[in-house]
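**Student:** Kindly return the folded structure for what I paste below:
(chains A, B and C)
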Amino acid sequence: MNAEHAELVQLQATYAAVVDAGDWDAWCELFTDDCRYRLQPRENHDRGLPLATLAFESKAMLQDRAYGIRETLFHDPYYQRHVVGPTLIRARDADRLHTETSYAVFRTKLSEPTTVFNVGRYLDEIVRTPAGLRFAVRLAIYDSELIPNSIIYPI
Amino acid sequence: MNAEHAELVQLQATYAAVVDAGDWDAWCELFTDDCRYRLQPRENHDRGLPLATLAFESKAMLQDRAYGIRETLFHDPYYQRHVVGPTLIRARDADRLHTETSYAVFRTKLSEPTTVFNVGRYLDEIVRTPAGLRFAVRLAIYDSELIPNSIIYPI
Amino acid sequence: MNAEHAELVQLQATYAAVVDAGDWDAWCELFTDDCRYRLQPRENHDRGLPLATLAFESKAMLQDRAYGIRETLFHDPYYQRHVVGPTLIRARDADRLHTETSYAVFRTKLSEPTTVFNVGRYLDEIVRTPAGLRFAVRLAIYDSELIPNSIIYPI
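**Tutor:** Predicted coordinates for the structure are as follows:
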């Protein structure tokens, strides 16, 4: 259980590091093949509404997005910085951990001050794979209703 | 000691989760019956001045506040999001841990951008009870002098 | 390894606590005698450029800075508040850990609202000494390009 705690910390810290470095291949590899990733406003989540800002239903869809970020989308680049809080273990099934982790993401655009971009909590289902702990489900449920410009990168 | 570390993390993470969810009954249950909770500006704390923004001297007073939030107060609702840092163990008495934890609380109001609401540090005294670790004392000492509007919810 | 995890957490939490308390002597003591501390914009770091906002090459230089902050510099005082994320262990050498830790630093000036001051990541090399874990190298690599006024205190 304590080894598990340290592993959970490494998973959460790795996620923040690879996203903030823009290492999208490494980002995809933190998920299982049949994963689910969703970025959704808190209100929609609480009411059970399906509308989401981003919704991917497999690692292949994440890889498409990674490709899109690198090759297709036209956008002003910006830096993201994730600072996440401690991870709460909500429940344990035979094969997975259900966890909750608060996050704040700060954005820095060229020659502008850093701003609070998106805050909320991750609701995760984490499974053990031969490669280590991975996200089977990651929901990023955000408080922020107003998103300054469009969201390009995953949160 | 490592099991203790994992338990401390769970306590801090649970506090953030229940406050940000507005689950005020669960918030009360994280304290001992004869607890002390105080929200106070850093300057007053450093000078030993008693003036505090919120001050509760027992779990019954917390429950009153929880009732007040739900039933009585008129206010614009807003979301809070706590992101707390790692917990520093400052000292150990026979029956309690003295800890310090940095925090940032972000606020989101309807149709407004998320802002930095209150930052500071928790000075806690944590005791073991049959129900698990609980706060005997939680002081939230904040740097922020200007509080945008009034504080409705505990920090 | 789990004891190590708890020790790493204490080191990171202690750093944040002493810097935010303005306890510059304690800050110096978290480093080895021949330490390196550097505060540098992300772009310069990524391109291998040497230009840094602060650069100290030994504990003696840190102590000079501590003296300067207390005795020499004329500046508007402000509060800092560090909230750091979980620590990622990137590599292990025979004698040191290489780690990465995201951070956000908030600043509060007299009678002004709290703002996001500086966000980025710490790239650390941490060694075991008779006094406990210490920083042999701490690089604070920040995203923020615009620094509001000058940086007085270390990050």
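**Student:** Who are the contact partners of residue A:106?
**Tutor:** A:80-81, A:83, A:114-117, C:104, C:116, C:119, C:143 (CB atoms under 8 Å, 6 or more residues apart in numbering or on different chains). Glycine gets a C-beta too; all of them are placed from N, C-alpha and C.
**Student:** my bad, should have said residue A:10
**Tutor:** A:133, C:86, C:88-89.
**Student:** Of those, which is the most crowded?
**Tutor:** Highest neighbour count within the contacts of residue A:10: residue C:86, with 31 neighbours (other CB atoms under 10 Å in any protein chain shown).
**Student:** Give me the neighbour count for the residue nearest to residue A:51 when sequence neighbours are not counted.
**Tutor:** Nearest residue to residue A:51 in three dimensions, chain neighbours excluded: residue A:44, at 5.1 Å (CB to CB, 6 or more residues apart in numbering or on different chains). Per other CB under 10 Å, the neighbour tally for residue A:44 reads 15.
**Student:** and residue A:44, how far is that from chain B?
**Tutor:** From residue A:44 across to chain B, the span is 14 Å (CB to the nearest CB, to the nearest Å).
**Student:** So that residue, which state does it fall into?
**Tutor:** Taking DSSP: H, G, I helix; E, B strand; the rest coil as the rule, one finds residue A:44 in the helix state.
**Student:** can I assume it is in contact with residue A:53?
**Tutor:** No: the pair residue A:44 / residue A:53 is not scored as a contact, 9.3 Å apart, by CB atoms under 8 Å.
**Student:** Spell out which parts of chain A neighbour chain C.
**Tutor:** A:2-3, A:5-6, A:9-10, A:12-14, A:16-17, A:20, A:79, A:81-86, A:104, A:106, A:108, A:110-116 (CB under 8 Å from any CB of the partner chain).
**Student:** Identify those among those that sit within strands.
**Tutor:** Judged by DSSP state E, strands contain the following of those: A:79, A:81-86, A:104, A:106, A:108, A:115-116.
**Student:** Nearest to residue C:27, out of those: which one, please.
**Tutor:** Among these, residue A:83 lies closest to residue C:27 (CB to CB), at 20.9 Å.
**Student:** nearest residue to residue A:137 other than its sequence neighbours?
**Tutor:** residue A:125 (3.9 Å).
**Student:** Tell me who's in contact with the residue nearest to residue A:51.
**Tutor:** With CB under 8 Å, 6+ apart, residue A:44 has these contacts: A:50-52.
**Student:** separation between residue A:15 and residue C:129?
**Tutor:** Going from residue A:15 to residue C:129 by CB to CB, to the nearest Å gives 31 Å.
**Student:** So what pairs up with the residue nearest to residue A:11 when sequence neighbours are not counted in the strands?
**Tutor:** Once flanking residues are discounted, residue A:11 sits nearest to residue A:133: 4.7 Å by CB to CB, 6+ apart. Note on residue A:133: beta-bridge partners residue A:128, judged by DSSP bridges.
**Student:** Surely residue A:133 touches residue A:7?
**Tutor:** Yes: checked against CB under 8 Å, the pair residue A:133 and residue A:7 is within contact range at 5.4 Å.
**Student:** circling back: and the residue nearest to residue A:51, how far from residue B:107?
**Tutor:** 20 Å.
**Student:** Output the below-cut-off pLDDT ranges for chain A.
**Tutor:** Counting by pLDDT under 70, chain A shows low-confidence ranges at A:1-2, A:73-74, A:148-149.
**Student:** residue of it with the smallest distance to chain B?
**Tutor:** residue A:88 (3.7 Å; CB to the nearest CB).
**Student:** thinking again about what came up before, ranking the contacts of residue A:44 by neighbours, who comes first?
**Tutor:** For these, the largest neighbour count, defined by other CB under 10 Å, is 17 neighbours, found at residue A:52.
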